[in-house]
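Asks: I would like to see how this sequence folds:
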Amino acid sequence: MSDQREQVIQEWTVNLYPIRFTNRENGIKEWLVQNNAKQFLTRAEELLSSLPKEEILQEFISRINTAIQFCTEQNKIAALDFSWYYGGDPIDVAYAYGLASCKGQGKLSKTDLGPKEILGIESDLEHGNLLEEDFSELPVDRAINLWVENLDPHVQKAKKKFHLMQMIF
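Replies: Residues are numbered from 1 along each chain as shown. Predicted structure coming up:
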């Protein structure tokens, strides 16, 4: 790998701003409390703590490393993107895409799920040509589907309770 390419990769990793993710998480928690959903938040946190975090984290690390290694070996790839789709059914993995370029102005895309008043984390980017795809994947399906599966009975119970309350009043 050339020194110039290595420098670009180092600059990119510095600009990830992981604090955006923490701020969004804290904002969602605060929003839930302010909107009378503290019990839901507590149960969601209990369910999250029951997931095999270390195992899932190691899968993410391994697959991100695989993607970065692939991209650094392919000099034509200038940008790496992972993308997943949620259509209401259990989700699949987030597939890796190698792109010719990826440009942004530091703006957010406003495509994040959740309350609109909470600052998002997804960047508004213009992707270049797709050069390679499916050379790695993130196991978002494992983490999210397991969490949703554990949370769903509680959501259904809350929906029934809400429906009953609407019928009473």
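
Asks: so for the protein, the centremost residue is which one?
Replies: Centroid-nearest residue in the chain, with CA atoms, centre = their mean: residue 140, separated by 7.6 Å.

Asks: wait, it sits on residue 84?
Replies: Yes: here residue 140 reaches residue 84: they are 5.4 Å apart, a contact under CB atoms under 8 Å. For every residue, glycine as well, the C-beta is placed using N, CA and C.

Asks: now residue 29: how far from residue 101?
Replies: 36 Å (CB to CB, to the nearest Å).

Asks: neighbour-wise, which of these two wins?
Replies: Remark: of residue 29 and residue 101, residue 29 carries more neighbours, 16 against 13, as counted by other CB atoms under 10 Å.

Asks: and the contacts of the helix or strand encompassing the more buried one?
Replies: Here residue 29 sits within helix 19-34, counting by DSSP states H and E. Contact with helix 19-34 is made by 38, 40-41, 112, 114-115, 117-121, as judged by CB atoms under 8 Å, 6 or more residues apart in numbering.

Asks: show the subsequent helix or strand relative to that helix.
Replies: helix 38-49.

Asks: buried ones in that following helix?
Replies: Under the neighbour-count criterion of 16 or more other CB atoms under 10 Å, helix 38-49 has 40-41, 43-44, 47 buried.

Asks: quick check: buried residues in the longest strand seen in the chain?
Replies: Assignment by DSSP state E gives strand 130-138 as the longest strand of the chain. For strand 130-138, the neighbour count (16+ other CB under 10 Å) marks 131-132, 135-138 as buried.

Asks: quick one: the strands in the chain?
Replies: 79-83, 94-99, 102-108, 123-127, 130-138.

Asks: these: lowest mean pLDDT?
Replies: Across these, strand 102-108 has the smallest mean pLDDT, namely a mean of 74.

Asks: where does this structure dip in pLDDT?
Replies: Across the chain, the ranges flagged by pLDDT under 70 are 1-2, 4-5, 7-17, 86-89, 106, 162-169.

Asks: what count of nearby residues applies to the closest residue to residue 102 other than its chain neighbours?
Replies: Counting by CB to CB, 6 or more residues apart in numbering, residue 79 is the residue found nearest to residue 102 once chain neighbours are left out, at 3.4 Å. Using other CB under 10 Å, residue 79 is surrounded by 17 other residues.
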